[in-house]
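Trainee: here is a sequence together with a model predicted from it:
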Amino acid sequence: MSQYWSSTVSRLTPYTPGEQPQHQRLIKLNTNENPYPPSPRAVEAMGRELGASLRLYPNPDSTPLKAAIARRHGLTPAHVFVGNGSDEVLAHAFCALLKHELPLLFPDISYSFYPTYCKLYDIDYRTVPLADDFSLDIDDYLGPCGGIIFPNPNAPTGRLLALDAVERLLAAQPQRVVVVDEAYIDFGGDSAISLVERYPNLLVVQTLSKSRSLAGLRVGFAVGHPALIDALERVKNSFNSYPLDRMAIVGATAAIEDEEHFDSTRRAVMASRDTLTAGLEALGFEVLPSAANFVFARHPGHDAATLAAALRSEGIIVRHFNAPRIAQFLRITVGTDAECQALLESLRARLG
Ligand code: PMP
């Protein structure tokens, strides 16, 4: 039978999402969700919305949410773009801002969606090797290129690039768009959003999936110069892609405004990360310094795939990437203290 799809489509190797088992009895430490519930104010706001107005279409511009994000960062709504998860925001950024005759640069070990988007939008790219300790060296990104994107903290390593290094890169590449994917920034880093007014080439992408415990709601956003935001809006409106739904707009707005819940949740995760790191190190693991809500760890005497399979047989799921350079690592989401202790117990029993 002949193929009905185009050669572009047959070249695609779609991103494989992390596993989402649908039964509850597992300890799920594989896709970096927050183990704590979202803001009660967000839950109440969504409850009210559910009772009131699902009959009506949502606000096509997510105006209240953009206003809340802008207020929090001392910017205007014209600096803010919102989408259905930061994955959608990133898709629009690749399409609108990162296609160029020179290759886009990103680290060889980073978010595995980036090559997928490059193939989808026919963007030429070059991956830049991280150092042996998985740190990112800004000097590798100062030459000619079509644009730059990297997660900060990086995923799946958790390593943070300091804000002054990000600024040095922005200053050195004024003609190129630099996208900083800050999905995990709230767990210990300083956001580059503070640089947006000084660097019109900067787009910062964040999500409510991690530090705001709203992965299921699908809300992400970008902050940047209004000209960059305008480009994203043009792509979004050309696709006629879906605006956020009514629940997402009210829930995300309330979550952004609940500073107290945000702060206590992220502090709890960071404290558990320290305990988990110490526990893994006591078992002989090498753990990379993490500024995220996960740790990246390897055991010199044990195969990572085997360990992941053993944990799974006990109902604990962690992430193993069968990829060059990182095949001996496990990426472990920071769960509640009880979940982290269960993981450590299970590893202790196996490692002796
Ligand atoms: N960027 C990075 C680096 C991520 O790890 C993730 C989560 N898988 C995302 C973006 C997308 O998150 P979401 O679509 O839930 O906002």
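Mentor: Now that the structure is in, tell me what you want to look at.

Trainee: where along the stretch 251-352 of the chain do the strands fall?
Mentor: 286-287, 294-298, 316-320, 330-333 (DSSP state E, counting those that start in this stretch).

Trainee: can you show me the CA trace of the last one as PDB?
Mentor: In other words, strand 330-333. Output in PDB follows, covering the C-alpha atoms of strand 330-333 (Å, rounded to 0.1, in the frame of the first residue of the first chain):
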ATOM      1  CA  LEU A 330      19.000   6.900  37.200                       C
ATOM      2  CA  ARG A 331      16.800  10.000  37.300                       C
ATOM      3  CA  ILE A 332      14.800   9.900  40.500                       C
ATOM      4  CA  THR A 333      12.000  12.400  41.200                       C
END
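
Trainee: can that strand be found next to the ligand?
Mentor: No - judged by C-beta under 6 Å from any ligand atom, strand 330-333 stays clear of the ligand, getting no closer than 10.0 Å. Glycine gets a C-beta too; all of them are placed from N, C-alpha and C.

Trainee: ok now that strand, how far from the chain's centre?
Mentor: The chain centroid and the centroid of strand 330-333 are separated by 15 Å, computed with C-alpha atoms, centre = their mean, to the nearest Å.

Trainee: show residues contacting it.
Mentor: 28-33, 35, 156, 276, 280, 293-298, 304, 307-308, 318-321, 343 (C-beta atoms under 8 Å, 6 or more residues apart in numbering).

Trainee: same thing but 6 Å
Mentor: Outside strand 330-333, the residues within contact range by C-beta atoms under 6 Å, 6 or more residues apart in numbering are Leu29, Asn32, Pro156, Phe294, Val295, Phe296, Ala297, Ala304, Val318, Arg319, His320.

Trainee: got it, and the third one?
Mentor: Taking contacts as C-beta under 6 Å, 6+ apart, the residues outside strand 316-320 that touch it are 26-30, 304-305, 308, 311, 330-332, 343, 346.

Trainee: among the residues you listed, which are located in helices?
Mentor: Counting by DSSP state H, the part of the contacts of strand 316-320 found in helices is Ala304, Ala305, Ala308, Leu311, Leu343, Ser346.

Trainee: so which of the residues you listed is the closest to Val128?
Mentor: Nearest to Val128 among the ones in helices among the contacts of strand 316-320: Ala304, at 24.3 Å, using C-beta to C-beta.

Trainee: that closest one against Ile326, yeah?
Mentor: No - Ala304 is beyond contact range of Ile326, at 8.7 Å (criterion: C-beta atoms under 6 Å).

Trainee: the ligand contacts on the stretch 101-250 of the chain?
Mentor: So the stretch 101-250 of the chain meets the ligand at Tyr111, Pro151, Ala155, Asp181, Ala183, Thr207, Ser209, Ala215, Gly220 (C-beta under 6 Å from any ligand atom).

Trainee: of the contacts of strand 316-320, select the buried ones using a ChimeraX command.
Mentor: In ChimeraX, this line selects whichever of these come out buried by 16 or more other C-beta atoms under 10 Å:
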select :27,28,29,30,304,308,311,330,331,332,343,346
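
Trainee: can I get the contacts of strand 316-320 in CSV including pLDDT and distance to Lys119?
Mentor: CSV is the format used below for the contacts of strand 316-320 (pLDDT from 0 to 100; distance: C-beta to C-beta, whole Å):
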residue, pLDDT, distance to Lys119
Leu26, 89, 32
Ile27, 95, 34
Lys28, 95, 29
Leu29, 97, 30
Asn30, 96, 25
Ala304, 97, 28
Ala305, 97, 27
Ala308, 97, 28
Leu311, 95, 32
Leu330, 98, 28
Arg331, 98, 24
Ile332, 98, 29
Leu343, 97, 35
Ser346, 95, 38
